[in-house]
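> got a predicted model here, sequence first, then my questions.
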Amino acid sequence: MAEKFPLKQIRNIGIVAHIDAGKTTLTERILYYAGRIHRMGEVHDGQAVMDWMPEEQEKGITITSAVTLLEWGGCEMHLIDTPGHVDFTIEVERSLRVLDGAVFIFSAVEGVEPQSETIWHQADRYRIPRLAFINKMDRVGADFHGAVGMMKKKLGANPVCCQIPLGVEEGHQGVIDLVRMCGVVWDPEEQGDTYHDVEIPGELEEEAKGHRDALIEKIAECDDALMEKYVQEEEITEEEIRRAIRKATVYREITPVFCGAAYRNRGVQPLLDGVVDYLPSPLDRPPVTGFDPADQRPIERQAGVKEPMAALVFKIAMEEGRKLSYLRVYSGTIKPEKVVYNANLGERERVARLFQMHAHQRKRVQQADAGDIVAATGLKTVRTGDTLCDEKAPIVLEPMQFLEPVIFIAIEAKSIADQEKLFASLEKLAVEDPTFRFRFDEESGQTLISGMGELHLSVLVQRLTREFFVHANVGRPQVVYRETITRAVEERGEFSREINGKQQSGAVLLEIAPNPRGSGIQIVSALPEEVLLPAECIQAIEEAFRESCVSGSLGGYPVVDVQGRILSADYREGVSTPLGFRIATATTFQRAYGRGNPILLEPIMSVDILVPEEYASGVIGDVQARRGRILEILPKRQITEIRASIPLSEMFGYSTDLRSASKGRGTFTMQFERFDEAQEKK
C-alpha cells in the first residue's frame with residue numbers, strides 16, 4: 001500500500017450493529033479476502049484479529065473500536081470494527097463521527113434489534129450514508145424480507161434490495177444479484193475464496209424480476225435521466241443502475257441491501273464491491289463545518305491536501321503507558337515532527353510519530369493526508385474531540401456528544417502500593433473513555449468510579465489489574481440519581497459584604513420552575529425594561545445558577561430539568577459587583593430549591609428481552625415485579641420479544657435471574673432511556 005490513493009478512491013467505513021449480529025465475523029472475512037490476514041479468526045475461539053484485547057477474547061465480544069486499512073476494487077478502505085454492546089456505545093459514537101459511510105449488519109433471524117436502532121439514529125445525526133447486510137441467512141428462522149420490513153417499520157429507512165438470498169437456512173447457497181440479474185454461489189468446500197455466477201433458478205425468476213423492477217423504480221425517483229428511460233421502457237444498463245444507486249445512497253435517499261452468511265463465507269465479496277460502488281469518498285461528502293476559535297465565525301473546510309490542515313482526535317488509547325491519539329485528517333497534510341495547533345485548548349503540540357493501524361499493530365508512515373485515519377504519538381495534552389489544525393488557519397470542528405454515566409461503584413486499593421498507583425491509573429482510563437468518571441467522596445472516604453453499565457465497569461476494573469498492575473476491591477454497583485423540583489418558587493436574596501478590602505454587593509429576585517423531563521437546565525432573563533443590569537452581572541447570575549445545580553439538597557446529586565428566570569435585580573453603580581450577584585444567586589437558589597418540593601429522579605432503562613414463548617409469561621411477571629412497564633410483546637415464531645421500561649436499580653443481577661427463569665435460553669439488552677421520578681420498591 002505504498003502508492004498513495006487519490007481522494008476519490010478512498011472509503012472510510014464502519015461495521016456497526018447490535019451485539020452478536022456478526023460484525024467482527026464479517027470483518028475477519030473482509031480482511032482475509034482483501035489479503036490483510038492469512039487465516040480467518042473466529043470470535044468464539046478468541047482468535048479474531050480485530051478483537052485483540054484480552055477482555056474481548058475472554059468474553060467473545062467487541063469492547064473497543066479497532067481500525068485497519070485494506071485495498072479492494074482499486075480503492076483504499078479505512079475500516080473500523082465497532083462494539084455492539086450498549087455499555088460501549090461511546091466507541092460507536094466517536095467512530096461514526098469520523099466516518100464517511102457505514103455498513104449496518106442485521107441478523108436475518110432477529111432483524112432490527114434495539115442497539116441497531118440506537119446506532120441508526122446516531123448515524124442519522126452525523127448524516128452518514130449506509131449499506132445494509134442481512135447476515136445469518138443460513139440460520140434456522142432466517143427471514144430476509146422480514147428483516148427488510150423491520151428496517152422500514154423500526155428505522156424509517158428506505159431499503160432497496162440489490163440482492164435477494166439464493167436459498168435460506170440449510171438451503172442457503174448464495175445470492176441473486178439484482179443489478180446483473182444472475183445468481184452468485186460459493187463453493188461449500190472452500191473458505192469462500194471461490195464463487196461463480198449461475199443462472200437464476202426458474203422458481204425464483206419471477207421474484208427476482210419483481211425485486212429488480214422495484215429497485216429500478218426507487219432509484220429512478222432520484223435520477224431524472226433514469227426516470228425518463230424507465231417511463232419510456234427503454235433498456236437500462238448495469239452501469240446506469242449502479243450510478244443511480246450510488247447517487248441515491250450518497251444523498252441518503254436509499255439504503256442498498258445485501259445479504260449472506262458471513263460465518264459460512266458467503267456474500268462478503270459482493271458487499272465489498274457495494275462499498276466501492278455505492279458508499280462515498282471524502283470528496284462526495286459535504287465540507288466539514290466548524291468555527292473560528294477567535295470570533296466564533298462559522299467555517300467550512302473542503303477535503304483536499306492543498307487546504308489548510310484540519311484533523312479531529314476521535315479516540316485516545318493508552319498503550320504501554322504511552323498516549324496514542326487516533327486522528328481523522330479532513331484536509332491538508334500532517335507529518336512527524338510537525339508542530340500542530342490544538343484549537344480547543346489554544347496550545348501547540350508536536351507530532352512525534354504517525355502510524356497506520358491494523359487493530360493494535362502499528363506501521364510507521366511519514367505522512368497523513370486528507371481522508372486518512374491514522375494514529376499519532378507525542379500529543380501530550382490532547383483530548384477526545386479536540387481539533388488539530390494549522391495555527392495560521394484555526395478551526396474548531398463540530399464536537400462529539402458523550403452520554404452521562406448511569407451507574408457507579410466504590411473501589412479501594414488492596415495495599416498502600418496499589419493506592420499510590422490507583423488514581424494515576426484511573427486518570428489514564430478516563431483520558432481514553434469520556435463516559436468513564438471517577439472521584440473521591442470526602443463524606444464516605446471512598447473512591448467512586450462511574451460508567452455506562454455493569455459490564456463497562458467490570459472491564460475497566462479488569463484492565464486496572466492487567467495493564468496497570470493495580471489490585472482493588474470493588475463494591476456493589478450503585479445507581480447515579482438526579483434531583484429536580486416539582487413546583488415553581490420565587491425567592492429574593494441579597495449579599496453585601498467587604499471581601500479583601502472591597503465591598504461586594506448584589507440583590508436578585510429569581511423564579512425556579514420545573515422543566516419537562518430531559519430538557520436540562522435553562523436560565524433566562526425576564527428583567528423589566530427599566531432595570532439596567534450590566535452584561536457581566538447577568539452572566540455572573542447565570543453561571544452561579546448553573547453551578548448551584550451541580551449538587552442538590554436531597555442527596556447531593558446533580559439537579560436537572562429546572563428553569564431559572566431572573567425577575568428583578570437591584571443594581572447600584574460603584575457598589576454592586578458580579579461577585580456580589582454570584583453569591584446572592586447561590587444563596588437564593590438554595591432557599592428556593594428547598595421550597596420547590598425536590599424529588600429524586602432515577603435512571604430508567606429500555607430493556608429488550610428475547611425468550612422462548614413457553615417462558616414469556618413468567619418473564620413478564622418478573623418484569624412487573626421489578627417496577628417495569630411492559631411496552632410491547634412481539635411473538636416471533638418460537639421466540640417472544642418483550643420490550644419494557646425498567647428502573648436501573650432493579651436490573652442488577654438480572655442476567656442470572658433471566659437465565660434461571662428461561663432454562664438458560666433467554667437473552668436481553670438494555671440501554672438508558674430517561675430519568676424519571678424514583679418510586680418506592682414494591
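Cool, the structure landed.

> so how far is Pro647 from the nearest residue to Ala592 once chain neighbours are set aside?
With C-beta to C-beta, 6 or more residues apart in numbering as the criterion, Ala592 has its nearest non-adjacent residue at 3.7 Å, and that residue is Glu491. No exception for glycine: its C-beta is placed from N, CA and C like everyone else's. Separation of Glu491 from Pro647 (C-beta to C-beta, to the nearest Å): 32 Å.

> again with Ala142
Applying C-beta to C-beta to Ala142 and Pro647 gives a distance of 36 Å.

> neighbour count for these two, which is higher?
Ala142 (22 against 19; other C-beta atoms under 10 Å).

> what's the pLDDT at that one?
Confidence at Ala142, expressed as pLDDT, is 91.

> got the contact list for the helix or strand harbouring the residue nearest to Ala592?
In this assignment (DSSP states H and E), Glu491 forms part of strand 489-499. Defining contact as C-beta atoms under 8 Å, 6 or more residues apart in numbering, one finds that strand 489-499 is touched by 503-513, 567, 570, 579-581, 583-585, 587-589, 591-593, 595-596.

> in strands only, show me those.
Taking DSSP state E as the definition of strands, the contacts of strand 489-499 contribute 503-513, 567, 570.

> taking these together, which two end up most distant?
Between any two of these, the greatest separation by C-beta to C-beta is 32.6 Å, found for Gln503 and Ala513.

> who has more neighbours, the two?
Ala513 (17 against 13).

> find the nearest non-adjacent residue to Pro434, please.
Phe402 (4.4 Å).

> again, but for Ile164
Ile176 (5.0 Å).

> so which helix or strand takes in that neighbour?
Counting by DSSP H and E, Ile176 is part of strand 174-177.

> moving C-terminal from that strand, which element do we reach first?
Assigned by DSSP H and E, the successor of strand 174-177 is strand 182-186.

> partners of that next one, with directions?
Note on strand 182-186: by DSSP bridges, its sheet partners are strand 174-177 (antiparallel), strand 195-198 (antiparallel).

> buried sites along it?
Gly183, Val184, Val185, Trp186 (16 or more other C-beta atoms under 10 Å).

> cool, and stretch 655-663?
Leu658, Ala661, Ser662.

> and it, average pLDDT?
79.

> quick one, what contacts the residue nearest to Pro434?
Phe402 touches Ile90, Glu93, Pro434, Thr435, counting by C-beta under 8 Å, 6+ apart.

> sorry, back to before: any chance of the buried residues of strand 182-186 in CSV, with distance to Leu631 and pLDDT too?
Below are the buried residues of strand 182-186 laid out as CSV (distance: C-beta to C-beta, whole Å; pLDDT from 0 to 100):
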residue, distance to Leu631, pLDDT
Gly183, 42, 95
Val184, 41, 95
Val185, 42, 95
Trp186, 41, 91
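
> any idea how far the spatially closest residue to Thr588 that is not a sequence neighbour lies from Glu454?
Using C-beta to C-beta, 6+ apart and skipping residues adjacent in sequence, the residue nearest Thr588 is Gly493, 3.2 Å away. Taking C-beta to C-beta as the measure, Gly493 falls 43 Å from Glu454.

> kindly report the same for Gly332.
43 Å.

> neighbour-wise, which of those two wins?
Between Gly332 and Glu454, Gly332 has the larger neighbour count (other C-beta under 10 Å), namely 21 against 18.

> check contacts around Gly378.
Gly378 touches Glu349, Arg350, Val351, Ala352, Arg353, counting by C-beta under 8 Å, 6+ apart.

> try 10 Å this time
Gly378 makes contact with 322-325, 336-337, 340, 349-354, according to C-beta atoms under 10 Å, 6 or more residues apart in numbering.

> just these: which are in strands?
Counting by DSSP E, the contacts of Gly378 contribute Arg322, Lys323, Leu324, Ser325, Val340, Glu349, Arg350, Arg353, Leu354 to strands.

> of those residues, just say which sits nearest to Gln446.
Distances from Gln446 to the ones in strands among the contacts of Gly378, taken by C-beta to C-beta, are shortest for Lys323, at 28.4 Å.

> report the beta-bridge partners for the closest one.
On the basis of DSSP bridges, Lys323 is bridged to Met318.

> what's the spacing between it and Gly378?
Lys323 is 8 Å from Gly378, where distance means C-beta to C-beta.

> and stretch 553-572, what's buried?
554, 557-567, 569-571.

> show the low-confidence segments of the stretch 551-682 of the chain, by residue range.
Applying pLDDT under 70 to the stretch 551-682 of the chain picks out residues 637, 680-682.

> and the closest residue to Arg127 other than its chain neighbours, what element?
Spatially, and ignoring its direct neighbours in sequence, Arg127 is nearest to Arg252 (6.6 Å; C-beta to C-beta, 6+ apart). Assessed by DSSP H and E, Arg252 sits outside every helix and strand.

> also His456?
helix 454-468.

> tell me which element the residue nearest to the spatial centre of the chain falls in.
Nearest to the mean C-alpha position of the chain, counting by C-alpha atoms, centre = their mean, stands Glu93 at 2.2 Å. Using DSSP H and E, Glu93 maps to helix 89-98.

> and that helix, how far out from the chain's middle?
4 Å (C-alpha atoms, centre = their mean, to the nearest Å).

> the next helix or strand after it to helix 89-98, inter-axis angle?
Downstream of helix 89-98, the first helix or strand assigned by DSSP H and E is strand 101-107. In terms of direction (axes from the mean of the first three to the mean of the last three C-alpha atoms, to 10 degrees), strand 101-107 departs from helix 89-98 by 140 degrees.

> what comes up buried for strand 101-107?
Buried, per 16+ other C-beta under 10 Å, within strand 101-107: Gly101, Ala102, Val103, Phe104, Ile105, Phe106, Ser107.

> I'd say Glu427 and Asp433 touch.
No - contact status for Glu427 versus Asp433: not in contact, 11.5 Å apart, counting by C-beta atoms under 10 Å.

> separation between Ile316 and Asn342?
For Ile316, the distance to Asn342 - C-beta to C-beta - is 13 Å.

> what touches both of the two?
What both Ile316 and Asn342 touch, as defined by C-beta under 10 Å, 6+ apart, is the set Leu379, Val382, Arg383, Asp386.

> nearest to Ala616 among these?
Taking C-beta to C-beta as the measure, Ala616 sits nearest to Arg383 out of the shared contacts of Ile316 and Asn342, at 46.4 Å.

> that closest one - how many residues pack around it?
For Arg383, the count of nearby residues is 14 (other C-beta under 10 Å).

> list the contacts of it.
Arg383 neighbours (C-beta under 10 Å, 6+ apart): Val313, Ile316, Ser325, Asn342, Asn344, Leu345, Val431, Pro434.

> and the strands in the stretch 301-450 of the chain?
310-319, 322-331, 333-334, 339-342, 347-350, 353-358, 361-365, 368-369, 373-377, 387-389, 396-397, 407-413, 437-441, 446-451 (DSSP state E, counting those that start in this stretch).

> would you reformat those strands as a markdown table and include mean neighbour count, distance to Ile630 and mean pLDDT?
Compiled in a markdown table, the strands of the stretch 301-450 of the chain are given as follows (neighbours: other C-beta atoms under 10 Å; distance: least, C-beta to C-beta, whole Å; pLDDT from 0 to 100):
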| stretch | mean neighbour count | distance to Ile630 | mean pLDDT |
| --- | --- | --- | --- |
| strand 310-319 | 23 | 38 | 89 |
| strand 322-331 | 22 | 42 | 92 |
| strand 333-334 | 20 | 53 | 94 |
| strand 339-342 | 20 | 49 | 94 |
| strand 347-350 | 14 | 53 | 93 |
| strand 353-358 | 20 | 45 | 90 |
| strand 361-365 | 13 | 47 | 89 |
| strand 368-369 | 23 | 51 | 93 |
| strand 373-377 | 23 | 43 | 93 |
| strand 387-389 | 26 | 45 | 94 |
| strand 396-397 | 23 | 43 | 94 |
| strand 407-413 | 19 | 23 | 83 |
| strand 437-441 | 14 | 33 | 81 |
| strand 446-451 | 20 | 28 | 83 |
